[in-house]
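Colleague: Sequence below, structure please.
(2 chains)
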Amino acid sequence: MIDNTTNPQNNNLTCLLEMRGIDKSFPGVHALKDISLTLQRGEVLALVGENGAGKSTLIKILGGAHLPDGGDIFIEGKPVQIRSPHDAQHVGISIIYQEFNLIPDLTIRENIFLGKEKTTFGFVNTSEEHRQSRLLFEKIGVDIDPDARCGDLTVSLQQIVEIAKALSLHAALIVMDEPSAALTIQEVKHLFAIIEDLKKQNMGIIYISHRLEEVFEIADRVMVLRDGEHVVTSEIKDINRNRLIEMMVGRPLESEFPKRISKVGVEHFRVKDLSHSQVVRNVHFHVSAGEVLGFAGLIGAGRTETMRMIFGADKPDSGHIFIEGREVRIRNPKDAIRHRICLLTEDRKGQGLILNHSCRENFSLPNLDQFSRGLFLDQGKERKTFSQYIKNLKIKIQSQEQMIVSLSGGNQQKVVLAKWLAKNADMIIFDEPTRGIDVGAKYEIYLLINQLAEEGKAIILISSELPEILGMSDRIIVMHEGEIKGEITDVASATQEDILYLAIS
Amino acid sequence: MKNLLRNYGMILVLIGLCFLFSLLTLKKQTPESDSAVEQLVEQIHKNYGRDDLILTVGAFNKDSAPFASLLQEELQKEEFNNVRSIIGIPQDLRLALDEIKVSGNRPAVIATNGDVIKWRVIELIPDEYPEFADCEILTPTSTLWPDFLKRSNLLAIVDRIVVIAVMAIGMTMVIITGGIDLSVGSLIAVSAVISTSLMKTMGGLEAPDWVVLVGFIAGILSCGIIGGLGGFLVARFKVPPFITTLGIMLMGRGLAFMITGGFSIYQVPRALPWLGQGTSAGIPNTVILLFILYMIAHIFMSHTRMGRYIYAVGGNAEAARLSGVSVGFIIVFVYVISSLTAGLGGCIQASQLNTGTPNMGQMYELYVIAAVVVGGTSLSGGTGKILGTLIGVFVISVIQNGMNLMGIESYTQQVVLGMVILSAVLLDKARSSGKWYSLLKRGKPLTSQ
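Modeller: Modelled structure (predicted):
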């Protein structure tokens, strides 16, 4: 049964957190409309919704980064005012944002105690801090050296440091915003073990994720937001995956991965003996026109590094590249583009976009040769072409001049896609194309990938989400520690376990 | 309009400053000499005969002195036979009047302007010289007009700032790529001494006009080569631009002193001042040059591929590289342009001063950077506008000029200028984030767009 009316009046006294009637508008957007939620001690509440649904805004209100226009917040039944991040800390709320707030050049210990250093006679008492950090990590059940530099840690360890930092503040409530986005499968498992442990210590957790399988695994209750409105809050056992997706996108969903009639043509691209120190070793594979070749593996398996070398972004120690049977030399991305190869990088913000430039400028950056007449740019043609792509890809923007940083992840990705589509390449490499993108936009990107394959383009798809790889690929290559460990040609009958077996062994 | 203000908000500050200085320097103005002379000649022509005695009076070492002699010349050209020019102190006029009285003559008109009119001897004419009672005292009609907005002053503003404005073009490009160029001040000296020493060896004072052009080209190109080397260090070896250009700044200054042995070069061709001091069609050549350069730079940055790539490299060099932009080439390019504009600045400076001196352009790099930043270009790269820089240049030069007109001491001027630069940038930040009040709000960092 689905409880459509949250009932915050109940159990008012035992509620760890209650938000009642929260309302927030930004210029031009009503971001949150009368949102209420409750959270008990020892409970994990999953917050799901498409990008732009209002999850981040709600969290930022809780964290004191935004002030609500209306509504009340209660902690343990007592009304509180959260006007700044400091207020939030004070009432026991700790938020772990997607982009961590760790300073890479400081040690773990220094980061944990930043701003609240343990001092004796005005000097930092290192050994006391060291001891307390050890205690914190013991509580979490991880063994890390508190004197390691944060910048040297893996993403998952950095996350654990964030959790330790939250615990050091005696937080009663931890909010995790997309904590698994950059984690490998085992790391997610480890994170879940920690969350279970925190539950047992009677803490409340709000967990935000786009990965629904995780929501079903870890959450006790799930709350769905859509367009700033509360859609439903339900016990996790009372809802199933498809129903949840429908709630999120607001329409029935036929299938998570669109069908495609695959017509694999002649071999288009081949790479031989590609190596770079220990990161990529003797990689060779080929991809044909009209084929979607999936690359599976754990993070750090060398997939991204392989693609960067093929694209000329990094220099390999050795390797030969053949396009349509002829060997070509690719020394930099410019060469690759000239050979009609495109790469959509995994790090969209860091490598794919110029965040403080307009959508139009981002779109046309590699395409300026098309939009030039003699020495000068033909901005009319540029605008016209871009508006065509905006229409075709259903990119939601107010104007072409809008800063791309203000778009949602899905729309940003569509602009990146548009910029490469306008190049009309023969081979397109997608590196984690749906990372951090909501369900609706994911589906549209899948449709596009299929359409490109049907047009006879060679597609390489790197993804850490196994259902995605299995649902989209014609053939799957599995990498591990820089080497190709195996190839799955019969994708229809393959399972996630088959891939995992190759990826870990 | 809204767009214009968003892109060039600093223009409001500039207009405000112009308005302020116009108010502060408002005073009674007599028309500037040429038109005033014309006006008086016309009046005299209408009312007096060829043989009437006409006195033109000018105060020693004041504006009215050349005025008086010019008026006399013009009247004599019009075939007035009896024109006397008296230039000196009030006593000279009194002596002249006494002499005229003795000789039984009678001046028909006394023409003068400015300070002379306040002389007591002029006021006392009806009492002390009753026989001259019907002598008319003629002055050009005066108007209420600010010193600041006088044509000569406006041209002086441009003239004073032209070197900095030219260099600011290159600096804007460098800063848009996320770099900085500290070497431009020294390169002014390098360019000035290379070009003038070449002119000296090619004939000095007696050299033909084309030698000046050769000298300029040599000066500018040498700077371009130096800039190219610097850009190469930045692009290829990732030496931070601050350090690279700091090194070049020191080397450039030293080089300029080495070339001339520490002396100034005065043996330059007669055509040298044409660029910095000459006019074409009544407009100073520097103003024309500035206008053309800014137009070219503006079109280059906003309407060509290279311009777009410069912005892209500053916005996100890695994303630009992965989009097929040759990032290294762009970086070398902007440092070459910056050095070329510095070289051109050196030539203009040499031409304005009619010499080449190795200590020219000291501290100029800081004024140039200030102008670019005031013009709205972000030091973190990726954003900025050429025309914004032009506005920034003018903000700085208008402040300096206004304070000069008001007679503020130069030490005070520096303090005020520094404060104005800081507050201009602060205001701009507040405006672009759309939140004036956020300036005052606790704990909320300003977000720049």
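
Colleague: Could you pull up the residues touching the closest residue in space to residue B:240 that isn't next to it in sequence?
Modeller: Leaving aside its sequence neighbours, residue B:240 sits nearest to residue B:234 (CB to CB, 6 or more residues apart in numbering or on different chains; 7.7 Å). For the C-beta atoms, the positions are set from N, CA and C on the backbone; glycine is no exception. Contacts for residue B:234 (CB atoms under 8 Å, 6 or more residues apart in numbering or on different chains) come out as B:179, B:240, B:241, B:244, B:331, B:332, B:335.

Colleague: Repeat the analysis, applying 7 Å as the threshold.
Modeller: By CB atoms under 7 Å, 6 or more residues apart in numbering or on different chains, the residues touching residue B:234 are B:179, B:241, B:244, B:331, B:335.

Colleague: again with residue A:178
Modeller: Contacts of residue A:178 (CB under 7 Å, 6+ apart): A:98, A:208, A:209, A:210, A:436.

Colleague: still on that earlier bit, wait, is the residue nearest to residue B:240 part of a helix?
Modeller: Yes - applying DSSP: H, G, I helix; E, B strand; the rest coil, one finds residue B:234 inside a helix.

Colleague: gap between it and residue A:224?
Modeller: In this structure, residue B:234 and residue A:224 are 51 Å apart, going by CB to CB, to the nearest Å.

Colleague: And for residue B:330?
Modeller: For residue B:330 relative to residue A:224 (CB to CB), the value is 47 Å.

Colleague: swap in residue A:134?
Modeller: Counting by CB to CB, the gap between residue A:134 and residue A:224 amounts to 40 Å.

Colleague: Equivalent analysis for residue B:383, please.
Modeller: 39 Å.

Colleague: the more surrounded of those two?
Modeller: Between residue B:383 and residue A:224, counting by other CB atoms under 10 Å in any protein chain shown, residue A:224 is the more crowded of the two (25 against 19).

Colleague: Looks to me like the more buried one is in a helix.
Modeller: No - counting by three-state DSSP, residue A:224 is not found in a helix; it is strand.

Colleague: and it, what pLDDT?
Modeller: Reported pLDDT at residue A:224 in the predicted model: 92.

Colleague: Test my guess that it contacts residue A:236.
Modeller: No - applying CB atoms under 7 Å, one finds residue A:224 not in contact with residue A:236, separated by 11.8 Å.

Colleague: who touches both of those two?
Modeller: If you check residue A:224 and residue A:236 against CB under 7 Å, 6+ apart, no residue is contacted by both.

Colleague: okay, now the domains of chain B?
Modeller: Domain ranges of chain B: B:30-144, B:149-431, per automatic domain parsing.

Colleague: Nearest approach to residue A:359 belongs to which of these?
Modeller: Residue A:359 lies closest to domain B:149-431 among the domains of chain B, at 12.9 Å (CB to CB).

Colleague: pLDDT value on residue A:484, please?
Modeller: Predicted confidence (pLDDT) for residue A:484: 92.

Colleague: Correct me if wrong, but it is in a strand.
Modeller: Yes - looking at residue A:484 with three-state DSSP, it is inside a strand.

Colleague: From residue A:328, how far out is it?
Modeller: Using CB to CB, residue A:484 is found at 21 Å from residue A:328.

Colleague: Give the residue spans of chain A that score low on pLDDT.
Modeller: Low-confidence segments of chain A (pLDDT under 70): A:1-14, A:28, A:51, A:252-255, A:505.

Colleague: Around chain B, which positions in it sit nearby?
Modeller: A:84, A:313, A:333-334, A:337, A:343, A:345, A:350-357, A:361, A:365-366, A:368, A:372, A:375-377 (CB under 7 Å from any CB of the partner chain).

Colleague: any idea whether residue B:335 is helix, strand or coil?
Modeller: Under three-state DSSP, the three-state class of residue B:335 is helix.

Colleague: Using PDB, list the CA coordinates for the host helix or strand of residue A:415.
Modeller: Residue A:415 belongs to helix A:409-421 when assigned by DSSP states H and E. C-alpha atoms of helix A:409-421 as PDB (Å, rounded to 0.1, in the frame of the first residue of the first chain):
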ATOM      1  CA  GLY A 409      23.200  17.200 -15.900                       C
ATOM      2  CA  GLY A 410      21.000  15.600 -18.500                       C
ATOM      3  CA  ASN A 411      20.700  18.800 -20.500                       C
ATOM      4  CA  GLN A 412      24.400  19.500 -20.200                       C
ATOM      5  CA  GLN A 413      25.100  16.000 -21.500                       C
ATOM      6  CA  LYS A 414      22.700  16.700 -24.400                       C
ATOM      7  CA  VAL A 415      24.700  19.800 -25.300                       C
ATOM      8  CA  VAL A 416      27.900  17.800 -25.300                       C
ATOM      9  CA  LEU A 417      26.200  15.200 -27.500                       C
ATOM     10  CA  ALA A 418      24.900  17.900 -29.800                       C
ATOM     11  CA  LYS A 419      28.300  19.400 -30.300                       C
ATOM     12  CA  TRP A 420      29.700  16.000 -31.400                       C
ATOM     13  CA  LEU A 421      26.700  15.100 -33.500                       C
END
